[in-house]
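Asker: my questions are about this predicted structure, shown below with the sequence.
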Amino acid sequence: MSILTVEQIRMARSAWGWSFEDFSKECLVSARTLRRIESEGGLDKATPANLKLIRETLETAGIEFVGGPGDGPGVRLWK
């Protein structure tokens, strides 16, 4: 399992065309929290529970996280 980065979250959300509000409804994390997480340095302030919800929601939607911070993080869309 790769490390989740802010860039991967943005790419994955964008791949589905989800606004913060849409994504919030899918993963049960508030839109305000999602905006904060996607901001510079926001990932460090995110709770492990919220990161788990975000990852699981995106993986269930068909997103595979590839790479990591040091080797070009990305996402792959399977569905």
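Answerer: Yep, that arrived. Numbers count the residues shown, from 1 in each chain.
Asker: sketch out the low-pLDDT regions of the protein for me.
Answerer: Where the chain drops to pLDDT under 70, the residues are 1-2, 69.
Asker: spatially central residue in this structure, please.
Answerer: Nearest residue to the geometric centre of the chain (C-alpha atoms, centre = their mean): I9, 2.8 Å.
Asker: for that one, give me its contacts.
Answerer: I9 sits next to I37, E38, I54, L58 when contact means C-beta atoms under 8 Å, 6 or more residues apart in numbering. Backbone N, C-alpha and C define where each C-beta goes, glycine included.
Asker: those residues in helices, which ones?
Answerer: Of those, the ones assigned to helices by DSSP state H are I37, E38, I54, L58.
Asker: closest one of those to S19?
Answerer: For the ones in helices among the contacts of I9, the minimum distance to S19 (C-beta to C-beta) is 11.9 Å, reached by E38.
Asker: could you verify that the residue nearest to the centre of the chain is part of a helix?
Answerer: Yes - remark: I9 belongs to a helix, assigned using DSSP: H, G, I helix; E, B strand; the rest coil.
Asker: separation between it and E21?
Answerer: 15 Å (C-beta to C-beta, to the nearest Å).
Asker: and for E56?
Answerer: Applying C-beta to C-beta, the value for E56 to E21 is 19 Å.
Asker: now swap in G62 and tell me
Answerer: Note on G62: its distance to E21, by C-beta to C-beta, is 20 Å.
Asker: okay, those two: which has more neighbours?
Answerer: A direct count of neighbours by other C-beta atoms under 10 Å for G62 and E21 places G62 higher, at 14 against 11.
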